[in-house]
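>>> Below is the sequence, then the predicted model.
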Amino acid sequence: MALSCKNDAQHHQSALANGAQADCSPIEDLEIQGDCMAWKARKQSEDGDLEAAATTCAGVAMPLWQSECWFMVSDASNARGQAAVSLCSRAAEFEEECLGHALNRSLEEELRVPGREAQAHEELEQAWLSLYQDSRRSQAKADAMFVSALLRRPRPYTRGSLGNTPDRLTLQVLSTHITARNCSLHGIEVSSFGQLVVQAWESAECGAYPGGEALRP
């Protein structure tokens, strides 16, 4: 058994060195072989050969590694939209994480275009709904991802910098920022948000609203 494990390890290292051309068949241990094949499929995806990657994943004997294989193919190919949904649906126990990666890629791309915020959120929510089949859970997941993405935008936040983001999500962005800044308005152009800033302050449970126009990032 020790000799077999040693040979498997050697075959594994040799296969990895060959990237998309790796030959994992000499490996007897199914877990090591699955790791090898998932890596091979990843390299095939990076080379743009998704058909070969799909064939590799389909041939993985160990279910856990086959799921990992499809996950790696989705990530390596930068899959988006229906292509990502299809690949991630095969990732079994990794489906949610796989889809999350793909949706983050799509969201970042969508949010590069000003004025597409509302549409981007709607598409995000629908994608999660296709997985969860639960509107409340899907909305909560989409909201969290969307707010996190907007919080990465340059400060100070202005009404214009958040585009056509719906008010309820703008409120979440502002209140999350205020909380993260230990009840500070720094980084917010207060005058451009009006009453929404007051609501965000109250939502952050920061006591009496101080007023003012805190612009400093």
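Here it is on my side, so go on.

>>> by contact count, what packs against the helix or strand where residue 108 lies?
Taking DSSP states H and E as the criterion, the element that holds residue 108 is helix 95-110. Judged by 3 or more C-beta pairs under 8 Å, 6 or more residues apart in numbering; DSSP states H and E, helix 95-110 is in contact with helix 63-76, helix 81-89, helix 117-132, helix 135-150. All C-beta atoms are positioned from the backbone trio N, CA, C, and that covers glycine.

>>> who wins for proximity to residue 8 among those helices?
helix 63-76 (14.1 Å; C-beta to C-beta).

>>> Would you mind splitting the protein into its domains for me?
2-154, 155-217 (automatic domain parsing).

>>> May I see those domains arranged in JSON lines, with mean neighbour count and mean pLDDT as well?
What follows is the domains of the chain, written out as JSON lines (neighbours: other C-beta atoms under 10 Å; pLDDT from 0 to 100):
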{"stretch": "domain 2-154", "mean neighbour count": "18", "mean pLDDT": "92"}
{"stretch": "domain 155-217", "mean neighbour count": "16", "mean pLDDT": "90"}
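
>>> returning to what we had before: for residue 203, find the nearest of the helices and strands packed on helix 95-110.
Closest approach to residue 203 among the helices and strands packed on helix 95-110 (C-beta to C-beta): helix 135-150, 12.4 Å.

>>> Tell me what angle that closest one forms with helix 95-110.
50 degrees (axes from the mean of the first three to the mean of the last three C-alpha atoms, to 10 degrees).

>>> And for helix 135-150, what's in contact with it?
If you take C-beta atoms under 8 Å, 6 or more residues apart in numbering as the criterion, helix 135-150 is touched by 100, 103-104, 107-108, 111, 117, 120-121, 124-129, 131-132, 162, 165, 169, 172-173, 176.

>>> cutoff 6 Å now
The contact list for helix 135-150 (C-beta atoms under 6 Å, 6 or more residues apart in numbering) reads 107, 111, 121, 124, 125, 128, 129, 132, 172, 173.

>>> That one to helix 117-132, inter-axis angle?
Helix 135-150 runs at 130 degrees relative to helix 117-132, counting by the same axes, to 10 degrees.

>>> how far out from the middle of the chain is helix 135-150?
With C-alpha atoms, centre = their mean, to the nearest Å as the basis, helix 135-150 stands 12 Å off its chain's centre.

>>> ok, back up a step: would you reformat the helices and strands packed on helix 95-110 as JSON lines and include distance to residue 18?
Shown next, in JSON lines, are those (distance: least, C-beta to C-beta, whole Å):
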{"stretch": "helix 63-76", "distance to residue 18": "17"}
{"stretch": "helix 81-89", "distance to residue 18": "24"}
{"stretch": "helix 117-132", "distance to residue 18": "36"}
{"stretch": "helix 135-150", "distance to residue 18": "37"}
